[in-house]
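J.: sequence first, then the predicted structure, then my questions.
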There are 4 protein chains.
Amino acid sequence: MYRIMELKFSKHIDVRFSELDPMGVVWHGDYTLYFEDAREAFGKEYGLGYMTFFDNGFTAPLVELSMQYKKIIKYETPLRVDIIYRPTESAKIVFDYEIHDERDDSLIATAHSVQVFLDKDYQLVWENPEFYLEWKKRWNVFKD
Amino acid sequence: MYRIMELKFSKHIDVRFSELDPMGVVWHGDYTLYFEDAREAFGKEYGLGYMTFFDNGFTAPLVELSMQYKKIIKYETPLRVDIIYRPTESAKIVFDYEIHDERDDSLIATAHSVQVFLDKDYQLVWENPEFYLEWKKRWNVFKD
Amino acid sequence: MYRIMELKFSKHIDVRFSELDPMGVVWHGDYTLYFEDAREAFGKEYGLGYMTFFDNGFTAPLVELSMQYKKIIKYETPLRVDIIYRPTESAKIVFDYEIHDERDDSLIATAHSVQVFLDKDYQLVWENPEFYLEWKKRWNVFKD
Amino acid sequence: MYRIMELKFSKHIDVRFSELDPMGVVWHGDYTLYFEDAREAFGKEYGLGYMTFFDNGFTAPLVELSMQYKKIIKYETPLRVDIIYRPTESAKIVFDYEIHDERDDSLIATAHSVQVFLDKDYQLVWENPEFYLEWKKRWNVFKD
């Protein structure tokens, strides 16, 4: 028996004026930007970003993204997005997310995403790509 | 016993160049635009849009949005977004969505959204607002 | 002596909710979407679109875009974007634009854009590409 | 005779994946985000931001924005946006901008913007608002 590591990262986000809607709060669709920012920051930290996929001959598009909105986000709210890697046996990349108000740590939103791998011909890859298997082992998130 | 009506609407969407990502396909976050377009088109058709809420002293923010991506969307793909109202007793507005390629009717994505009502002080409204109860009766989607 | 044709096109635009800012009017940066919509519609009408460039081995990025904002745009304002091709000897594509309120034809904004051609190595092309020369002759906008 | 101060500020920007177009470079319309980021950063530094206007009963929409694109921006290019306040007697806010690649300081784009003041009824204000006059004096950018 062994413990699987929990990989996580936190990314600070500043709200942009252009993201505000007529109610003066962040438009719901723009949360996708924040989750992607967190995903890219995670990728840089742990070596699993957009360029990693590309350099290995793959893309890793989302096949699922669900978002739960708990509180509105007003302008000048300092945000922290926590992203947590969820280990999986399959050829998928699964993340959970939480957006917090940095001032009082209150929970603003949660999200969940699933990515798959496509090869250069845009075909779905069913087996874990070699580079991803190695990445899982390297970070001790290999689940079997 | 009686049948509840199924309210649905279909909205044509043209992909914008600005929505394409480096793979030349629509960036996943921009699907939120398409679902909102469908929601607004539904609102105009059935009298339940952003201005309806506003005129009655409410806003109706999303508290949940989940999206499942089945196929990529390339430039110049003619899209049809189907939006279906899901009757509910509670003070919520629930929709399901499907994006289809208009050329072969193939399914590109699905989604599900839940909206609640906030009053002018941004407080959550637990009971169905009067105007929404009337709307439900008018369209025979009253569930009890 | 001969007359140079004036090529123009008009494109209807519906404002999206996501384009509204906290004042309830279209955010200034989103006008770039409208001008691009007009440019793409022009491209389809006259055979000078993004895919035309691509198929001939070029891209045609903007090197200049200037926008003048005359009136705010509220939600549900029906817009008409007029785009006019400005003939030029050089290897450039020059357009002028006007956004009008369709209801009273009032002028909302104007714009001006200049595009150049890059080859597959992202190098600037100083001479008119052959396909563009032919396009100019075909539409009688050849200026010399 | 006296010298007018030159107020300027520099803002670091990270490119977002969502801002990339099919050529893998930042879409031209998204530069408007960068200039607005710089404007807001300037506003925080010198006390002339969106909230300053709002708190004094005004909004300050753009009436002109012109952008010149010199070089493409690839993913992971570290950007520095310089914004410079251009003193003017009239009731306008005028800025010049430069985007530089932080690695070699090369010039990527320039821009110029003009803002006017609207009162709470969206009417154009011809005279300098009192708070803006005081701001000009405070920073020694009063031109007469």
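T.: Yep, that arrived.
J.: can you pull the contacts of the spatially most central residue of chain A?
T.: Nearest to the geometric centre of chain A sits A:Arg39, at 3.5 Å (CA atoms, centre = their mean). By CB atoms under 8 Å, 6 or more residues apart in numbering or on different chains, the contact list for A:Arg39 reads A:Ile83, A:Phe95, A:Ser113. (Glycine included, C-beta is placed from N, CA and C.)
J.: could you dump those into JSON lines with neighbour count added?
T.: Output for these, formatted as JSON lines (neighbours: other CB atoms under 10 Å in any protein chain shown):
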{"residue": "A:Ile83", "neighbour count": "24"}
{"residue": "A:Phe95", "neighbour count": "21"}
{"residue": "A:Ser113", "neighbour count": "25"}
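J.: in stretch A:109-124, which residues are buried?
T.: For stretch A:109-124, the neighbour count (16 or more other CB atoms under 10 Å in any protein chain shown) marks A:Ala109, A:Thr110, A:Ala111, A:His112, A:Ser113, A:Val114, A:Gln115, A:Val116, A:Phe117, A:Leu118 as buried.
J.: what helix or strand does A:Lys136 sit in?
T.: Using DSSP states H and E, A:Lys136 sits within helix A:130-138.
J.: could you export that helix as CSV, CA atoms only?
T.: Taking C-alpha atoms only, helix A:130-138 is exported to CSV below (Å, rounded to 0.1, in the frame of the first residue of the first chain):
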residue,chain,number,x,y,z
GLU,A,130,4.2,7.5,-23.1
PHE,A,131,5.2,11.0,-22.0
TYR,A,132,2.1,11.1,-19.7
LEU,A,133,2.8,7.7,-18.2
GLU,A,134,6.3,9.0,-17.3
TRP,A,135,4.9,12.2,-15.9
LYS,A,136,2.5,10.2,-13.7
LYS,A,137,5.3,8.1,-12.4
ARG,A,138,7.6,11.1,-11.9
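J.: returning to what we had before: of the buried residues of stretch A:109-124, which belong to helices?
T.: Counting by DSSP state H, these place none of their members in helices.
J.: rank those by pLDDT and give me only the lowest.
T.: Across the buried residues of stretch A:109-124, the smallest pLDDT goes to A:Leu118, namely 94.
J.: show me the contacts for the closest residue to it other than its chain neighbours.
T.: Closest residue in space to A:Leu118, ignoring its immediate chain neighbours: A:Thr59 at 5.0 Å, by CB to CB, 6 or more residues apart in numbering or on different chains. Going by CB under 8 Å, 6+ apart, A:Thr59 touches A:Phe53, A:Phe117, A:Leu118, A:Tyr122, B:Met23.
J.: next: A:Thr52.
T.: Contacts of A:Thr52 (CB under 8 Å, 6+ apart): A:Gly43, A:Phe131.
J.: that one looks like it's in a helix, true?
T.: Yes - membership of A:Thr52 in a helix is supported by DSSP: H, G, I helix; E, B strand; the rest coil.
J.: go through the worst-scoring helix or strand of chain A on mean pLDDT and flag the buried ones.
T.: Every helix and strand of chain A was ranked by mean pLDDT, DSSP states H and E. The lowest is helix A:50-55, at a mean of 90. Under the neighbour-count criterion of 16+ other CB under 10 Å, helix A:50-55 has A:Tyr50, A:Thr52, A:Phe53 buried.
J.: likewise stretch A:91-104?
T.: Result for stretch A:91-104 [16+ other CB under 10 Å]: buried residues A:Ala91, A:Lys92, A:Ile93, A:Phe95, A:Tyr97, A:Glu98, A:Ile99, A:His100, A:Asp101.
J.: other residues contacting stretch A:113-126?
T.: By CB under 8 Å, 6+ apart, stretch A:113-126 touches A:35, A:39, A:53, A:57-66, A:91-95, A:97, A:129, A:132, B:72.
J.: looking at those residues, which are in helices?
T.: A:Phe35, A:Arg39, A:Phe53, A:Tyr132.
J.: return the member of those nearest to chain B.
T.: A:Phe35 (8.5 Å; CB to the nearest CB).
J.: any idea how far D:Gln68 is from the closest one?
T.: A:Phe35 sits 33 Å away from D:Gln68, going by CB to CB, to the nearest Å.
J.: over to A:Ile99?
T.: From A:Ile99 over to D:Gln68 (counting by CB to CB), the distance is 36 Å.
J.: for chain A, what lies in contact range of chain C?
T.: A:Phe17, A:Ser18, A:Leu20, A:Asp21, A:Pro22, A:Met23, A:Gly24, A:Trp27, A:Gly29, A:Tyr75 (CB under 8 Å from any CB of the partner chain).
J.: in the residues you listed, find the pair that's most separated.
T.: Farthest-apart pair in these is A:Gly29 and A:Tyr75; separation 16.8 Å (CB to CB).
J.: same drill for these two, tell me which one is more crowded.
T.: Per other CB atoms under 10 Å in any protein chain shown, whichever of A:Gly29 and A:Tyr75 has more neighbours is A:Gly29, with 22 against 19.
J.: dump the residue contacts of that one.
T.: Contacts of A:Gly29 (CB under 8 Å, 6+ apart): B:Gly29, B:Asp30, B:Thr32, B:Leu33, B:Glu36, C:Ser18.
J.: ditto for A:Phe131
T.: Contacts of A:Phe131 (CB under 8 Å, 6+ apart): A:Thr52, A:Asn56.
J.: low-confidence stretches in chain A?
T.: A:1-4, A:143-144 (pLDDT under 70).
J.: and the strands in it?
T.: Listed in chain order, the strands of chain A (DSSP state E) span residues A:8-13, A:62-69, A:79-86, A:92-101, A:107-116.
J.: what lines up beside the third one in the sheet?
T.: If you go by DSSP bridges, strand A:79-86 pairs up with strand A:8-13 (antiparallel), strand A:92-101 (antiparallel).
J.: contacts for the last one?
T.: Spelled out, that is strand A:92-101. A:13, A:31, A:34-35, A:38-39, A:42, A:48, A:60, A:71, A:73, A:77-88, A:106-116, A:132.
J.: which among these end up buried?
T.: Neighbour-count burial (16+ other CB under 10 Å) applied to the contacts of strand A:92-101 gives A:13, A:31, A:34-35, A:38-39, A:42, A:48, A:60, A:73, A:77, A:79-83, A:85-87, A:108-116, A:132.
J.: hang on, the earlier thing: with distance to D:Asn140 added, can I get the ones in helices among the contacts of stretch A:113-126 in CSV?
T.: Below are the ones in helices among the contacts of stretch A:113-126 laid out as CSV (distance: CB to CB, whole Å):
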residue, distance to D:Asn140
A:Phe35, 44
A:Arg39, 46
A:Phe53, 52
A:Tyr132, 59
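J.: between those residues, which is nearest B:Phe9?
T.: Nearest to B:Phe9 among the ones in helices among the contacts of stretch A:113-126, with distances taken as CB to CB, is A:Phe35, at 28.6 Å.
J.: so who does the closest one touch?
T.: Residues in contact with A:Phe35, defined by CB under 8 Å, 6+ apart, are A:Leu65, A:Met67, A:Val81, A:Ile83, A:Phe95, A:Tyr97, A:Ala111, A:Ser113.
J.: now the helix holding A:Lys136 against strand A:92-101, angle please.
T.: 60 degrees (axes from the mean of the first three to the mean of the last three CA atoms, to 10 degrees).
J.: so which bits of helix A:130-138 are buried?
T.: A:Phe131, A:Tyr132, A:Trp135, A:Lys136.
J.: with stretch A:6-15 instead?
T.: A:Leu7, A:Lys8, A:Phe9, A:Lys11, A:Ile13, A:Val15.
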